[in-house]
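Colleague: Next come a sequence and a model predicted from it.
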Amino acid sequence: SQQGEEDPQALSIQEGENATMNCSYKTSINNLQWYRQNSGRGLVHLILIRSNEREKHSGRLRVTLDTSKKSSSLLITASRAADTASYFCATEGNTPLVFGKGTRLSVIA
Amino acid sequence: DGGITQSPKYLFRKEGQNVTLSCEQNLNHDAMYWYRQDPGQGLRLIYYSQIVNDFQKGDIAEGYSVSREKKESFPLTVTSAQKNPTAFYLCATAGTGYEQYFGPGTRLTVT
């Protein structure tokens, strides 16, 4: 299995600070995706980065991918209380998406 | 949650009973997926279907069954053979892109 492993498991920050979450995986991938889940809800796709890309931006989100280290990071800048959620990385290779266990982010107003 | 409907939101069953979870989509997506999520855990793939009348087992298919008779529908049956069925079940779809779109989920409690 090429399950991603997020780090840290939980993160608590003040509103306005930046939040960084990391994801490591085991085998070669075609792309890596980040999803967000509010408590008790379905997941929402945030951003996809392909294996030949190194960095991607979307609004306040910045994702990096280092295929040599088999790792990715998600940076949320200027965090807001509404960013409080769990964030999952998911990798796609020769099998359907495989999800990690997630990072639980709490943004304190 | 877009055009994906899962019903009901909460479901309670007695041990030994089969139960069917509904997933309907109006996104015209070919691929549909069922995941199971346990507290504090990630998603684990149960079954997926990339086209009507065809489906494949995921990582934890034992004790579950599916059908894909229509493009819009991908029901999941949790059978009595599933040893620990209490969980949050999520249905997802995918179109021509790689990203998946998720329904709101069904929380199943078996006692």
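Modeller: Looks like it came in fine. Residues are numbered from 1 along each chain as shown, chains lettered A, B, ... in the order given.
Colleague: Now do the contacts for residue 86.
Modeller: Chain wasn't specified; assuming chain A. The contact partners of residue A:86, taken as Cβ atoms under 8 Å, 6 or more residues apart in numbering or on different chains, are A:36, A:37, A:38, A:39, A:102, A:103, A:104, A:105. Placement of C-beta: from N, CA and C, glycine included.
Colleague: my question was about chain B
Modeller: B:108, B:109, B:110.
Colleague: Can you give me the buried ones in the host helix or strand of the second one?
Modeller: Counting by DSSP states H and E, the secondary-structure element that holds residue B:109 is strand B:106-110. Taking 16 or more other Cβ atoms under 10 Å in any protein chain shown as the basis for neighbour counts, the residues of strand B:106-110 that come out buried are B:106, B:108, B:110.
Colleague: contacts with chain A among the residues you listed, please.
Modeller: Contacts with chain A are made by none of those, judged by Cβ under 8 Å from any Cβ of the partner chain.
Colleague: Where does the prediction get shaky in chain A?
Modeller: A:1-3 (pLDDT under 70).
Colleague: so what's the closest residue to chain B within chain A closest to, chain neighbours aside?
Modeller: Taking Cβ to the nearest Cβ, chain B has its nearest neighbour within chain A at residue A:42, 3.4 Å off. Of all residues not flanking residue A:42 in the chain, residue B:102 sits nearest, at 3.4 Å (Cβ to Cβ, 6 or more residues apart in numbering or on different chains).
Colleague: Can you give me the neighbour number for that neighbour?
Modeller: Burial measure for residue B:102: 23 neighbouring residues, criterion other Cβ atoms under 10 Å in any protein chain shown.
Colleague: Equivalent analysis for residue A:56, please.
Modeller: Residue A:56 has 15 neighbours, counted by other Cβ under 10 Å.
Colleague: Pull the contacting residues for residue 67.
Modeller: Using chain A here. Applying Cβ under 8 Å, 6+ apart, the residues near residue A:67 are A:28, A:29, A:51.
Colleague: right idea, wrong chain: chain B
Modeller: B:55, B:74, B:75.
Colleague: Please apply the same query to residue B:75.
Modeller: Going by Cβ under 8 Å, 6+ apart, residue B:75 touches B:20, B:21, B:22, B:23, B:66, B:67.
Colleague: what bridges to residue A:87?
Modeller: residue A:36, residue A:103 (DSSP bridges).
Colleague: is it true that it touches residue A:101?
Modeller: No - Residue A:87 is beyond contact range of residue A:101, at 10.8 Å (criterion: Cβ atoms under 8 Å).
Colleague: Which neighbours do these two have in common?
Modeller: Joint contacts of residue A:87 and residue A:101 (Cβ under 8 Å, 6+ apart) are residue A:6.
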